[in-house]
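[1] Here's a sequence, model it:
(one chain, ligands or ions: 2)
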Amino acid sequence: MAESEKEAALPPKEEFSDWYNELLWMAEIMDVRYPVKGLYVWYPFGFAIRRSTYNIIREILDNSGHQETLFPLLIPENEFMKEAEHIKGFEDEVYWVTHGGKDPLDIPLALRPTSETAIYPMYKMWVRSHADFPIKLYQIVNTFRYETKHTRPLIRLREITSFKEAHTVHATWEDAEAQVQEAVELYTEIYRRLAVPVLRSRRPDWDKFPGADYTDAIDAMMPDGKTLQIGTAHHLGDNFAKTFDIKYEAPDGEQRYAYQTCYGISERSIAATISIHGDDKGLVLPPEIAPVQVVIIPIIFKKGAEEVLAACRDVQERLKEAGVKVEIDESDLRPGAKYYRWEMKGVPLRLEIGPRDLGNNVAIAVRRDTGKKEQISLPEIEAGVLQKFEAIQNNLYEKARDELESRIFDCTELEEVKEKIQKGVATIPWCGKKECGLAMEDRIGAGILGIPLTPRGKGKEKCPICGAETETRVYIARTY
Ligand SMILES: Nc1ncnc2c1ncn2[C@@H]1O[C@H](COS(=O)(=O)NC(=O)[C@@H](N)CS)[C@@H](O)[C@H]1O
Ligand SMILES: [Zn+2]
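    Ligands and ions are numbered 1, 2, ... in the order given. The predicted structure is shown next:
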């Protein structure tokens, strides 16, 4: 992509929607010009961010007893149509393959919108005894959903290109409940590594996953005050086990239906990371997922050019040795134009090395998150750079966490909720009855996001609709 093509300037971040769309292009994350609505193309730079993000997801899942696998994309109609709730929830979203070449297929095949109905007929064949449990498998695949709402790259796709779905099987309802809790903790840890603080809540019953007993959700606060659902964990009870006849021999010799969970993350993880940390100059990437972690800018004058370049190359070699992804920008652009380009790409650390710095045996380190310039002595460049990465990671998380906390408003009146959700998420008492919840949503014009998993009740309060006493407060928010 030639620099000249990028004449357009990046809008300020407070024009979030335009900023987001321009940034995906200017930082070379995604090309949105693919000729099918809701399908987009990864640029290599964006794909490198996806790789490192999903390496973190794999590491955390693999280190907690999960195994990665791969199931087919196409699901025969008769299997897909088995679970009534699941069908109701997905029948408007499923793409169907009806022909092989010119031959009409005798059984239409669904493109998986999610893989319960691909996996569970196989689980039925695999599960025999309680000794088989827990089964904890996941796959990272593309899934297809005929989304009718406004599609957006990384946020609402028709082809979800990076759909990590885990599907687990257990002996009891309680074991599955514990697994949902583990999934929520693992997701919180994944997002901690992306320096993204999260809201964790139980979705209201009318908003749970089709076929689930309940859904726990992980939401991010986006810069425009709307929340983005960036992960969900579902307790499936024995609903699918009964539908797909997944039974096991219990220790007492009885045949019992199994209990299941499933939990998913998509490329919304990257949308949240880009949106929360970015600024008016472009991406600000947590070091662990930055495709380029350090860019070295040689400050060249006529005199001493060779020494400066030699020193830059030596620093590059040493940083590579230390496992750092590092580039030298030897292009003939002015330093200012170089800074612009690498700041747009969110490179966490810039090292400037000129003749004077060489004389002082230092490099000037410029942090992308704070813009602060600090000297690092050349003999300690590896340790100095890795230390800066840690400081950047912590600063990004703390800044985002403070921002999130500042956007949670405990309200007492519904009118106040309407006002506060323009800026973030509101909490309000709720008696838990569905009719009160739906009445609240009507009055406010926004949905109940969920009941916080860490209670935010303030003792005995009154439901704003029916006046019943309650100790529960719920999150209310505008959502993507
Ligand atoms: N159209 C979409 N585009 C991008 N991400 C999506 C889309 N639909 C859902 N997601 C993400 O995928 C996650 C899992 O999707 S889900 O429907 O909630 N859950 C499932 O499909 C379950 N089978 C768990 S894997 C959601 O939490 C959301 O973050
Ligand atoms: Zn009520």
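
[2] from here on, contacts and neighbour counts on C-alpha atoms
    Noted.

[3] Who are the contact partners of residue 221?
    Residues in contact with residue 221 (C-alpha atoms under 8 Å, 6 or more residues apart in numbering) are 198, 199, 227, 228, 276, 404, 424.

[4] Show me the beta-bridge partners of it.
    Listed by DSSP bridges, the beta-bridge partners for residue 221 are residue 227.

[5] what's the helix or strand of the chain with the lowest mean pLDDT in contact with?
    Here the helix or strand of the chain ranked lowest by mean pLDDT, DSSP states H and E is helix 84-90, holding a mean of 85. With C-alpha under 8 Å, 6+ apart as the test, helix 84-90 has contacts from 80, 81, 113, 209, 210, 211.

[6] Identify, from these, the entry nearest to residue 399.
    Closest approach to residue 399 among these (C-alpha to C-alpha): residue 209, at 32.2 Å.

[7] Just say helix, strand or coil for that closest one.
    Counting by DSSP: H, G, I helix; E, B strand; the rest coil, the backbone at residue 209 sits in coil.

[8] hmm, back to that, export the contacts of helix 84-90 to CSV and tack on distance to ligand 2 and pLDDT?
    Below are the contacts of helix 84-90 laid out as CSV (distance: C-alpha to the ion, whole Å; pLDDT from 0 to 100):
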residue, distance to ligand 2, pLDDT
80, 38, 94
81, 36, 92
113, 36, 97
209, 24, 94
210, 25, 90
211, 26, 92
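
[9] And the longest helix anywhere in the chain, what's buried?
    If you go by DSSP state H, the chain has its longest helix at helix 381-405. Using 16 or more other C-alpha atoms under 10 Å as the burial criterion, the residues of helix 381-405 that qualify are 381-382, 385-386, 388-389, 392-397, 400-401, 404.

[10] Excluding covalently adjacent residues, which one is nearest to the residue nearest the centre of the chain?
    Centroid-nearest residue in the chain: residue 269, 1.3 Å away (criterion: C-alpha atoms, centre = their mean). The shortest distance from residue 269 to any non-neighbouring residue, by C-alpha to C-alpha, 6 or more residues apart in numbering, is to residue 230 (5.8 Å).

[11] re the thing from before, just the buried ones from the contacts of residue 221?
    Of the contacts of residue 221, these count as buried by 16+ other C-alpha under 10 Å: 198, 199, 227, 228, 276, 404, 424.

[12] Of the residues you listed, which are in range of ligand 1?
    Checked against ligand 1 using C-alpha under 6 Å from any ligand atom, the buried ones among the contacts of residue 221 give no members in range.

[13] so which of those comes closest to residue 74?
    residue 228 (28.6 Å).

[14] That closest one contacts residue 477, correct?
    No - Residue 228 is beyond contact range of residue 477, at 9.9 Å (criterion: C-alpha atoms under 8 Å).

[15] all helices of the stretch 1-150 of the chain, in order?
    16-26, 44-62, 77-80, 84-90, 116-126 (DSSP state H, counting those that start in this stretch).

[16] With ligand 1 as the reference, measure out to the residue of the chain positioned farthest from its centre.
    Most distant from the centre of the chain: residue 303, at 48.8 Å, with distances by C-alpha atoms, centre = their mean. The gap separating residue 303 from ligand 1 is 54 Å, by C-alpha to the nearest ligand atom, to the nearest Å.

[17] Doesn't that residue belong to a strand?
    No - Residue 303: not assigned to a strand; according to three-state DSSP it is coil.

[18] Tell me who's in contact with it.
    Applying C-alpha under 8 Å, 6+ apart, no residues qualify as near residue 303.

[19] Could you do residue 115 as well?
    Residues counted as contacts of residue 115 (C-alpha under 8 Å, 6+ apart) are 71, 165.

[20] how close does it get to ligand 2?
    For residue 115, the distance to ligand 2 equals 37 Å [C-alpha to the ion, to the nearest Å].

[21] For residue 350, see how far away that residue is.
    Distance of residue 115 to residue 350, given as C-alpha to C-alpha, to the nearest Å: 43 Å.

[22] Quick one: list the elements packing against whichever helix or strand residue 232 is part of.
    Taking DSSP states H and E as the definition, one finds residue 232 inside strand 227-237. With contacts defined as 3 or more C-alpha pairs under 8 Å, 6 or more residues apart in numbering; DSSP states H and E, strand 227-237 has these neighbours: helix 173-193, strand 214-221, strand 259-265, helix 268-277.

[23] Neighbouring strands - and their directions - for the next helix or strand after the first one?
    Toward the C-terminus, helix 173-193 is succeeded by strand 199-202 as the next helix or strand (DSSP H and E). With DSSP bridges as the test, strand 199-202 is paired with strand 214-221 (antiparallel), strand 447-452 (antiparallel).

[24] Give me the number of neighbouring residues for residue 450.
    23 (other C-alpha atoms under 10 Å).

[25] Do you know the pLDDT at it?
    For residue 450, the pLDDT comes out at 98.

[26] separation between the residue nearest to it when sequence neighbours are not counted and ligand 2?
    Counting by C-alpha to C-alpha, 6+ apart, the nearest residue to residue 450 once its immediate chain neighbours are dropped is residue 203, at 4.3 Å. Computed with C-alpha to the ion, the distance linking residue 203 and ligand 2 is 17 Å.

[27] Output the set of residues of this protein in proximity to ligand 2.
    Neighbours of ligand 2 within the chain, by C-alpha under 5 Å from the ion: 431, 436, 463, 466.

[28] Could you give me the ChimeraX syntax to select whichever of the residues you listed are buried?
    Of these, the buried ones go into a single ChimeraX selection, burial set by 16+ other C-alpha under 10 Å:
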select :431,436,463
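
[29] Make JSON lines from the residues of the chain next to ligand 2 and add pLDDT to it.
    Shown next, in JSON lines, are the residues of the chain next to ligand 2 (pLDDT from 0 to 100):
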{"residue": "431", "pLDDT": "97"}
{"residue": "436", "pLDDT": "97"}
{"residue": "463", "pLDDT": "97"}
{"residue": "466", "pLDDT": "97"}
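
[30] so can I have JSON lines of the residues of the chain next to ligand 2 showing secondary structure and distance to residue 292?
    Shown next, in JSON lines, are those (DSSP: H, G, I helix; E, B strand; the rest coil; distance: C-alpha to C-alpha, whole Å):
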{"residue": "431", "secondary structure": "coil", "distance to residue 292": "50"}
{"residue": "436", "secondary structure": "helix", "distance to residue 292": "51"}
{"residue": "463", "secondary structure": "coil", "distance to residue 292": "51"}
{"residue": "466", "secondary structure": "coil", "distance to residue 292": "56"}
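
[31] Which helix or which strand is home to residue 352?
    Assigned by DSSP H and E, residue 352 falls in strand 349-353.

[32] Quickly run through the sheet partners of that strand, with directions.
    Taking DSSP bridges as the criterion, strand 349-353 forms sheet pairs with strand 294-298 (parallel), strand 362-367 (antiparallel).

[33] Show the subsequent helix or strand relative to the longest one.
    In other words, strand 362-367. strand 373-377.

[34] Can you say which of the strands paired with strand 199-202 is packed in most?
    strand 214-221 (a mean of 25; mean count of other C-alpha atoms under 10 Å).
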